[in-house]
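1. next one to model:
(2 chains)
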There are 2 protein chains.
Amino acid sequence: MSKITIVDVARISGVGVSTVSRVINGHVDVSAKTREKVLAVINETGYVPNDSARNLKRTDAKCIGVLIKGITNPFFSPMIDIIESEIDRQNYALVLRHAGPEEDEADVALELENEKRLRGIIFLGGGSEQSKEKLRDLKIPAVFSTIGATILDRDGNAEYSTVSVDDRLEARHITQYLMNLGHKNIAIITEAMGRRSVGHLRLEGYKDAFAIKRQPVNDELVFYVEQNMEHFSIENGYRTTQRILASGKDITAIFCVTDLLAIGAMRAIADAGLRVPEDISVCGFDGMEIGRYSNPRLTTISQPLDQISRETVKLLFDLIESRSSHRHIVFPGELIIGESTMKCLT
Amino acid sequence: MSKITIVDVARISGVGVSTVSRVINGHVDVSAKTREKVLAVINETGYVPNDSARNLKRTDAKCIGVLIKGITNPFFSPMIDIIESEIDRQNYALVLRHAGPEEDEADVALELENEKRLRGIIFLGGGSEQSKEKLRDLKIPAVFSTIGATILDRDGNAEYSTVSVDDRLEARHITQYLMNLGHKNIAIITEAMGRRSVGHLRLEGYKDAFAIKRQPVNDELVFYVEQNMEHFSIENGYRTTQRILASGKDITAIFCVTDLLAIGAMRAIADAGLRVPEDISVCGFDGMEIGRYSNPRLTTISQPLDQISRETVKLLFDLIESRSSHRHIVFPGELIIGESTMKCLT
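-> As a prediction, this is how the structure comes out:
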């Protein structure tokens, strides 16, 4: 059997070779109908893209490193595709690495820099205080994505850029949303990490909402996730909510600082024979896909991951080509009102 | 400020240095209470693990490559941790790579082999027919994990090993479970890919269940996911189920060949004003965490990812140390009966 070529696929699909190539390379400027037709032909014929161009790029091209903190965090998944295609448009290749929970991402970044033809690096997650010092050794520009300036740098001498939402401000907004629904006894589920962590910033925002209302924060309603398992996981949300319910505290709403925690919280409430939102309102933070399909749909703060991803790559190339110095770009989050919150009835 | 050392952490925690080390390295033989205490001290003191041992390993140690097909597939996430710790116990380091949807994982594997001190490679997902030829060029042992023998090799001349469930058999089992509940008009949501793909194998199992009952398969109840988006995603399950409902076909159950599809299917049914399982039973395949926390909980086939992960690493080291030739190991799946299926009422 002679090998199927891209020309065959184009002929059978009734489109040009360049269109087939655009479909294969995931370009967005192809109509859904055309894409579907070409993909169907590729599937039927068993066509294998001739990777010479891509291989050339992979072995010779300049690269951008993308370093993900935490292997199992699905929050970052939707960002990868966008970042990859933006990097691709600049004719760079993407090199992806994970840093394990006990690895310092700065170490991994320095290793990556030595190995590869890296021109820049994007950090997704991470940004602990200890990394900061080590980052000085990086010779290439770095952009932290979804990590705000306040996590990394308090004295303004930026040696890296950030693109993110304002975690503290957005957490205040969603807490105020619960307050406006009449909720007073609002529990929060967060993690007990350093003061620059996302969990801490979102807790600060929760406290800000009370401060603005001149109401004291009830420390007994601040619940920390279990330490001996992944912090921002569904299971941890489930277990921590079981602790909240067992505590006997009189609460009418729970603010979970991530959507995954909230998914677990809703299930724990249902398993206790209570209803969301009639008995307890639940809200999350992040705007992950699962919250749009859960039952009930989740009220949350949506992070504009599309914009954040694109701006991250744009800023990185501005830095690489010396069109910009380091900057901290903040996008607004969006309050998504789902079915998991309602007016306080008590 | 003098640098905090592991000795300081041990002293403040009131445990030995080796215990602190075990906590840092994620060993499981530390009590939850001790772990929590040590982690709290690490957080408070800002202790940074001295990575010298780990760094040494990372730069000099022999490596095992783990290649994940598809960047956004959370199905594999729980396997990574187990595989990493098993590799670690052998004093090897793990190198993780992703292969994009249009990349041939065999190409990426060959590239990885050149770059790294690889002694073996584990494939999570992938295993297309075209990869098979190229795999002959790999000089190191390869194990495909969660991919069965039939996907890769039909003539028995194994040049790689596999560890998986029998997708076809397990799909037959869950279809038979629906039949035993009295369902006759059972739709299936799968993908239209090559005959060795997981989607195709699970469709064959569905057909087997009908064949055993000597009932014809109604081809109009076989629904394929949308081509122009990620195949095994929640959104695709949602959209494909909308098509099923709009088709006006009289169905009482849907077998989704992955759990993510099933999560989307349940939401689409609810949005159409119907109830799961009273109006339509839904089941999935995989046993992902989300199905244990969804509302209703999902009926599914659970893959023993723990066993599969451990056996994958064990087999790979047997191959590396020439204690075994290539083998195909099959684990049974487990039918998990959730709340999303019930007796057919019509």
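2. touching stretch A:228-243 from outside, list them.
-> Here stretch A:228-243 makes contact (CB atoms under 8 Å, 6 or more residues apart in numbering or on different chains) with A:72-73, A:75, A:189, A:191, A:193, A:199, A:223-226, A:254, A:256-258, A:260-265, A:267-269, A:272, B:32, B:35-36, B:289-290, B:293. (Glycine included, C-beta is placed from N, CA and C.)
3. element containing residue A:249, please.
-> Using DSSP states H and E, residue A:249 sits within no helix or strand.
4. what's the local residue count around it?
-> 13 (other CB atoms under 10 Å in any protein chain shown).
5. tell me the contacts of residue A:313?
-> Counted by CB under 8 Å, 6+ apart, residue A:313 has contacts A:64, A:83, A:86, A:87, A:90, A:122.
6. so the closest residue to the third one other than its chain neighbours, which state does it fall into?
-> If I follow you right, that is residue A:86. Among residues not flanking residue A:86 along the chain, residue A:313 sits closest, at 3.9 Å (CB to CB, 6 or more residues apart in numbering or on different chains). Using DSSP: H, G, I helix; E, B strand; the rest coil, the structure places residue A:313 in helix.
7. quickly note the distance from residue A:313 to residue B:217.
-> 47 Å (CB to CB, to the nearest Å).
8. just the closest of the contacts of residue A:313 to chain B, please.
-> Within the contacts of residue A:313, proximity to chain B (CB to the nearest CB) peaks at residue A:83, which comes in at 10.4 Å.
9. let me see the contact set for the closest one.
-> So residue A:83 contacts A:66, A:94, A:122, A:309, A:312, A:313 (CB under 8 Å, 6+ apart).
10. hey, where'd the helices end up in the stretch 101-250 of chain A?
-> Per DSSP state H, counting those that start in this stretch, the stretch 101-250 of chain A carries helices over the ranges A:105-115, A:129-135, A:149-152, A:167-180, A:198-212, A:234-246.
11. adding mean neighbour count and mean pLDDT, write these out as TSV.
-> Listed next are the helices of the stretch 101-250 of chain A as TSV, based on neighbours: other CB atoms under 10 Å in any protein chain shown; pLDDT from 0 to 100:
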stretch	mean neighbour count	mean pLDDT
helix A:105-115	20	80
helix A:129-135	16	69
helix A:149-152	21	52
helix A:167-180	21	97
helix A:198-212	21	95
helix A:234-246	21	97
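12. in a markdown table, list these along with distance to residue B:107.
-> Output for those, formatted as a markdown table (distance: least, CB to CB, whole Å):
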| stretch | distance to residue B:107 |
| --- | --- |
| helix A:105-115 | 19 |
| helix A:129-135 | 33 |
| helix A:149-152 | 37 |
| helix A:167-180 | 40 |
| helix A:198-212 | 37 |
| helix A:234-246 | 35 |
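13. give me the contact list for stretch A:314-330.
-> Under CB under 8 Å, 6+ apart, the answer for stretch A:314-330 is A:64, A:86, A:90, A:119-120, A:122, A:140-141, A:143, A:148-149, A:158-166, A:311.
14. one step back: quick check: the two most widely separated of the contacts of residue A:313?
-> A:90 and A:122 (12.8 Å; CB to CB).
15. the two - which one has more neighbours?
-> Between residue A:90 and residue A:122, counting by other CB under 10 Å, residue A:122 is the more crowded of the two (27 against 16).
16. just grab the bridge partners of that one for me.
-> Bridge pairing for residue A:122 (DSSP bridges) gives the partners residue A:66, residue A:143.
17. residues in contact with it?
-> The contact partners of residue A:122, taken as CB under 8 Å, 6+ apart, are A:64, A:65, A:66, A:67, A:83, A:142, A:143, A:144, A:145, A:312, A:313, A:316.
18. what's the answer for residue A:212, then?
-> By CB under 8 Å, 6+ apart, residue A:212 lies in contact with A:172, A:176.
19. how does it look with 10 Å?
-> Under the criterion of CB atoms under 10 Å, 6 or more residues apart in numbering or on different chains, the neighbours of residue A:212 are A:172, A:175, A:176, A:179.
20. separation between residue A:141 and residue A:65?
-> From residue A:141 over to residue A:65 the distance is 11 Å, taken as CB to CB.
21. and what of residue A:274?
-> Going from residue A:274 to residue A:65 by CB to CB gives 46 Å.
22. need the three-state assignment for residue A:8.
-> Per three-state DSSP, residue A:8 ends up helix.
23. ok, the nearest residue to residue A:304 once chain neighbours are set aside to residue B:98 distance?
-> Nearest non-adjacent residue to residue A:304, counting by CB to CB, 6+ apart: residue A:331, 5.1 Å away. Residue A:331 sits 26 Å away from residue B:98, going by CB to CB.
24. show me the contacts for the nearest residue to residue A:222 once chain neighbours are set aside.
-> Using CB to CB, 6+ apart and skipping residues adjacent in sequence, the residue nearest residue A:222 is residue A:188, 5.5 Å away. By CB under 10 Å, 6+ apart, the residues touching residue A:188 are A:171, A:175, A:199, A:202-203, A:205-207, A:217, A:221-224, A:244, A:253-257.
25. quick one: pLDDT of residue A:188?
-> On the pLDDT scale, residue A:188 is placed at 98.
26. among the contacts of residue A:313, name the ones in helices.
-> Judged by DSSP state H, the contacts of residue A:313 include A:83, A:86, A:87 as members of helices.
27. and the second one, what does it touch?
-> Applying CB under 10 Å, 6+ apart, one finds that residue A:86 lies in contact with A:64, A:92, A:94, A:309, A:310, A:311, A:312, A:313, A:314, A:316, A:317.
28. low-scoring pLDDT stretches of the stretch 1-150 of chain A, where are they?
-> The model of the stretch 1-150 of chain A has pLDDT under 70 over residues A:1-3, A:25-29, A:46, A:48-61, A:70-72, A:100-102, A:115-116, A:127-132, A:149-150.
29. for it, which segments count as strands?
-> Secondary structure of the stretch 1-150 of chain A (DSSP state E, counting those that start in this stretch): strands located at A:63-69, A:93-99, A:118-124, A:142-145.
30. if we can go back for a sec, and of the helices of the stretch 101-250 of chain A, who's closest to residue B:278?
-> Closest to residue B:278 of those, according to CB to CB: helix A:234-246, at 25.5 Å.
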